[in-house]
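Asks: Okay, sequence plus prediction incoming.
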Amino acid sequence: MPHDVSLIATIATAFGLAMAFGLVAARLRMPPLVGYLLAGIVVSPATPGFVADVGLAGQLAEIGVMLLMFGVGLHFSVKDLLAVRRIALPGAIVQIGVATLLGMGVATWWGWDLGAALVFGLCLSVASTVVLLRALEARGLLSTVNGQIAVGWLVVEDLVMVVVLVLLPAVAGVLSPGRAGVAELSGASIGATVGLTLAKVTAFILIMLVVGRRVLPQLLWRVARTGSQELFTLTVVAVAVGVAFGAGKLFDVSFALGAFFAGMMMRESAFARRAADESLPLRDAFAVLFFVSVGMLFDPAVLWTQPGKLLAVVAIVMVGKTLAAAALVLLFRYPMRTALAVAVSLAQIGEFSFILAGLGVSLGLLPPQAQSLVLAGALISIAANASLFALVEPVHEWTMKRYAWARRLEMRGDPLGELPMSTDEKLLQGQVVLVGHGRVGRRIAHMLTERRLPFVVVDLSREVVEALREQGLAAVSGDAQTPEVLVQAHIARASMLVLAMSDAVDVRRIVDIARTLNPSVAVVLRCHNDEEAQLFTRDGLGQVFVGEQELARGMGQHIVDTLTTPHKEAHR
């Protein structure tokens, strides 16, 4: 053909092999992304046969990261981000510090200098947002408290890495003085660079919160009024990619973080759900290219030339980071199930690690073998991450049954895990135990408050419980799947248990615990589809309400009342 088709060849080969290997992985009961990674290895320069364009694949993968982060922003509001700031901010910073020190320790033991050890440790400290989001979306956990904590944690990590990427060239001369090609800067120059970086990031966030929050929803509303579906889809993609690109060029913010904030601002629009649906096919397609591009960077030779070092990298990423994150979450007095979920979410490394390793090599701070180790560690941890998620619940149940210290952690004295002694006894006799204070739970609580009916809220979010107590309402922090939490809500005296949470939890377990403690308690629960409602009704779990059915019933009743009332009055 008279023109270059490297882009078409790269896309066609990547998608074709990813489909084939992904199907094989799924048949073997492995995550499809393992197949995508293998497809990347097959077309990489390190293996014989066809070699795809690594540069083009990397840019296509970057678009996938933008669209994926934009979609997450559409489901993750500023309020959600602020709700987990108390654990996400200190947790991410401390976990980065721990992982960096572990990486520096092994690198120093290998004989690397301070600069190489520091950059290597930072590469192992930050998890892949793309991998996490794919795992949370696949399990319906993105909107849960555990998912919000994990996403908020990674947003903080991304912000830290943005600062690191900008500062690294400036401080390279200090880390490796005298190294060729590395400029040495004074303390004043480094301070000015740090200040400028923080000012740029702050300016971008403020612009998005103040201007973007008003402009983007208005833009989407105007486009939707045209009635053109393709124009609506084009606007969504243009905003996601355009804001991400502008954030990188004007404010030195990562493309992923720029797209994330664009999505959060557009979430204020009434068309946010439609925007998420319209961008979903593109997000899925380009996310596949991300995993393929990761596989293309992997050199299989590292598996047999440096097995000891690779084992150390995998141990830091999948064991060191996991234990540090779990300990931090437990330290903040969250349940063990939350600690396990957040820890597993962080047990991998990804896109920021690749960027940081590449920058370290280009600055002469990292030896080339370090980049190969980072890529190999990322490949192994990404492939294993989905399987680790599946182990969270079995490990939690096994630990609770086998170890007394684990049960003590669940039962430890937590001021938010039990009702204050000053709680009015009238609220603890024949009360409603309301599990979940999300969109549905808030409305139920408001109705109960208006009618002065006693109730106790049970919610996993400590921030939610603190806010409710400030309003003078009875609330308990904890996992309702744990008997001790329902005991603290005085389920034995309750007249009704209302399950209003949207999280993917074991409803049967909660109902069984409640009826064991109070056989006469009435149960009301919400479902998301008719199949689930039929199953719960058949098993006698309680009175079941389905969102779509109740909405249709309410709308239908309003229509009937509106159309029949004038007719009735005319015949009086």
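Replies: Here it is on my side, so go on.
Asks: Leu356 versus the most centrally placed residue in the chain, what's the distance?
Replies: Residue closest to the mean C-alpha point of the chain, counted by CA atoms, centre = their mean, is Val151 at 3.1 Å. According to CB to CB, to the nearest Å, Val151 and Leu356 sit 21 Å apart. No exception for glycine: its C-beta is placed from N, CA and C like everyone else's.
Asks: repeat for Glu397
Replies: Counting by CB to CB, the separation of Glu397 from Leu356 is 38 Å.
Asks: And those two? Which one has more around it.
Replies: Leu356 (25 against 13; other CB atoms under 10 Å).
Asks: Contact partners for the more buried one?
Replies: Applying CB atoms under 8 Å, 6 or more residues apart in numbering, we find Leu356 in contact with Val119, Leu122, Cys123, Val126, Met161, Val164, Leu165, Leu168.
Asks: Among the residues you listed, name the least confidently predicted one.
Replies: When those are compared on pLDDT, Leu165 comes out least confident, at 74.
Asks: From the chain's centroid, how far away is the helix or strand where that residue lies?
Replies: Applying DSSP states H and E as the criterion places Leu165 in helix 145-175. Computed by CA atoms, centre = their mean, to the nearest Å, the chain-centroid distance of helix 145-175 equals 15 Å.
Asks: Please name every helix or strand in contact with whatever helix or strand comes next after that helix.
Replies: Sequence-wise, the next helix or strand beyond helix 145-175 is helix 187-207, with elements assigned using DSSP H and E. Applying 3 or more CB pairs under 8 Å, 6 or more residues apart in numbering; DSSP states H and E, one finds that helix 187-207 makes contact with helix 145-175, helix 229-251, helix 255-266.
Asks: how much does the shortest one deviate in direction from helix 187-207?
Replies: This points to helix 255-266. In this structure, helix 255-266 runs at an angle of 30 degrees to helix 187-207, with axes from the mean of the first three to the mean of the last three CA atoms, to 10 degrees as the basis.
Asks: and Ala522, backbone torsions?
Replies: The phi and psi values for Ala522, taken as degrees, to the nearest 10, are phi -80, psi 150.
Asks: Next one: it relative to Asp506, how far apart?
Replies: 20 Å.
Asks: And for the nearest residue to Val156 once chain neighbours are set aside, the neighbour number?
Replies: The shortest distance from Val156 to any residue other than its chain neighbours is 3.7 Å, reached at Ala92 (CB to CB, 6 or more residues apart in numbering). Neighbour count of Ala92, defined by other CB under 10 Å: 25.
Asks: Can you tell me how far Ala92 is from Asp158?
Replies: Ala92 is 9 Å from Asp158, where distance means CB to CB.
Asks: same thing with Gly55?
Replies: From Gly55 over to Asp158 (counting by CB to CB), the distance is 23 Å.
Asks: Looking at these two, which one has more neighbours?
Replies: Remark: of Gly55 and Asp158, Asp158 carries more neighbours, 21 against 11, as counted by other CB under 10 Å.
Asks: isn't that one right next to Gly258, touching?
Replies: No: here Asp158 lies out of contact with Gly258, judged by CB atoms under 8 Å, at a distance of 10.4 Å.
Asks: hang on, the earlier thing: just the closest of the contacts of Leu356 to Val465, please.
Replies: Val126 (30.4 Å; CB to CB).
Asks: does the closest one count as helix, strand or coil?
Replies: Three-state secondary structure (criterion: DSSP: H, G, I helix; E, B strand; the rest coil) places Val126 in coil.
Asks: ok, it - contacts?
Replies: Val126 sits next to Ile96, Glu157, Asp158, Val160, Met161, Ile349, Gly350, Phe352, Ser353, Leu356 when contact means CB under 8 Å, 6+ apart.
Asks: Alright, I will stop here.
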